[in-house]
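> predicted structure and sequence below. I'll ask about it afterward.
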Amino acid sequence: MIVIIRRYMRRGPIHGCVDIESSFQASLVLPALVFALAAMFFPVLDAYGAEDTAPQASNLRFEPTRPLTGDRVKLYFTLKNAIRAEVRWTVNDDEEEDLQDYDGISGFVEYGQPLKAGDTLKASVTPFTGMGEAGKPAVKTVTFHNSPPTLKLERQGIKDGKYEAKIEVNDPEKGKVTLKVEGPEGMVISDDGKITWPIKRGVSGNFQVKVTAKDEEGAEAVLTYAIRIRQEAGR
């Protein structure tokens, strides 16, 4: 109900009168407008509040960030409004999944299977409250890369005036590896890692040996070591 009150206050000529009716109507309309706007925004505020209290998983990251063939990876994440999570692992978008449970607020889980270059690992983390309410899954993926070969000096010695050594070569991708040796004149290396060097009469001293291995992707590994040759006088 709107009550209209008419009253005039005269100050000089009639054109100086103030109409109280307009002011009174405005005072009634403004509160109504405020309530209407509040009714529009309150549901939005309620929605934001509900989202803030929902279980969430965030800050997902893999370690190492650029895994190589054979690396074991860890997934770090943080939970909010949750006390546990389920982690689903998928390799190369395969339908088969590995499920892993996690209890806590922040930490990591480790994927236990070794993967090779080109494989893509996807982790989906679903947070849960203590009452069993599930939140929206958070997803993170990582791709594995080529790993360089490894070299190891397995054995060495001198036999019948010839230096011999065996280099153990391993390529994580099981591909072809090309070997090269740099050392004293006449030293060579075979495809299977056997080094030979005929020692000439009178040769002695310290010699540096450098072995390089390169895989099919161009990744390299280098092994360096020193050998000491001492010949007795007259030999």
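All right, it came through fine.

> pull up the gap between I199 and I229, please.
Applying Cβ to Cβ, to the nearest Å, one obtains 6 Å for the distance of I199 from I229. C-beta here means a position set from N, CA and C on the backbone, and glycine is covered the same way.

> quick check: neighbours shared by those two?
The contact sets of I199 and I229 overlap at 158, 163 (Cβ atoms under 8 Å, 6 or more residues apart in numbering).

> now the residue nearest the centre of the chain. Nearest residue, chain neighbours left out?
Central residue of the chain (Cα atoms, centre = their mean): F62, 3.0 Å from the mean position. Spatially, and ignoring its direct neighbours in sequence, F62 is nearest to V142 (4.4 Å; Cβ to Cβ, 6 or more residues apart in numbering).

> what is the neighbour count of that neighbour?
Neighbour count for V142, taken as other Cβ atoms under 10 Å: 21.

> can you check S58 too?
Applying other Cβ under 10 Å, I find that S58 has 12 neighbouring residues.

> alpha carbons only: can I get stretch 179-190 in CSV?
Extracted in CSV, the C-alpha atoms of stretch 179-190 (Å, rounded to 0.1, in the frame of the first residue of the first chain):
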residue,chain,number,x,y,z
LEU,A,179,80.7,-46.8,-30.6
LYS,A,180,83.8,-44.6,-31.1
VAL,A,181,87.1,-44.5,-29.2
GLU,A,182,89.7,-41.8,-29.0
GLY,A,183,93.1,-42.7,-27.5
PRO,A,184,96.7,-43.5,-28.5
GLU,A,185,97.5,-44.2,-32.1
GLY,A,186,96.3,-47.7,-33.2
MET,A,187,93.6,-48.1,-30.6
VAL,A,188,90.3,-49.4,-32.0
ILE,A,189,86.9,-50.5,-30.6
SER,A,190,84.5,-53.2,-32.0
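
> out of I199 and I229, which sits in the busier spot?
I199 (18 against 14).

> for the protein, where's the lowest mean pLDDT among helices and strands?
helix 20-53 (a mean of 50; mean pLDDT, DSSP states H and E).

> what's the next secondary structure element after that helix?
strand 56-63 (DSSP states H and E).

> pLDDT averaged over the helix or strand just after that following strand - what is it?
Next along the chain after strand 56-63, taking DSSP H and E as the criterion, comes strand 74-80. In this model, strand 74-80 carries a mean pLDDT of 97.

> check which helices and strands strand 74-80 sits against.
strand 56-63, strand 84-91, strand 106-110, strand 120-128 (3 or more Cβ pairs under 8 Å, 6 or more residues apart in numbering; DSSP states H and E).

> what helices and strands are in contact with the following helix or strand past the last one?
Proceeding N to C from strand 120-128, the next assigned helix or strand is strand 138-143, under DSSP H and E. In this structure, strand 138-143 makes packing contacts with strand 56-63, strand 120-128, judged by 3+ Cβ pairs under 8 Å, 6+ apart.
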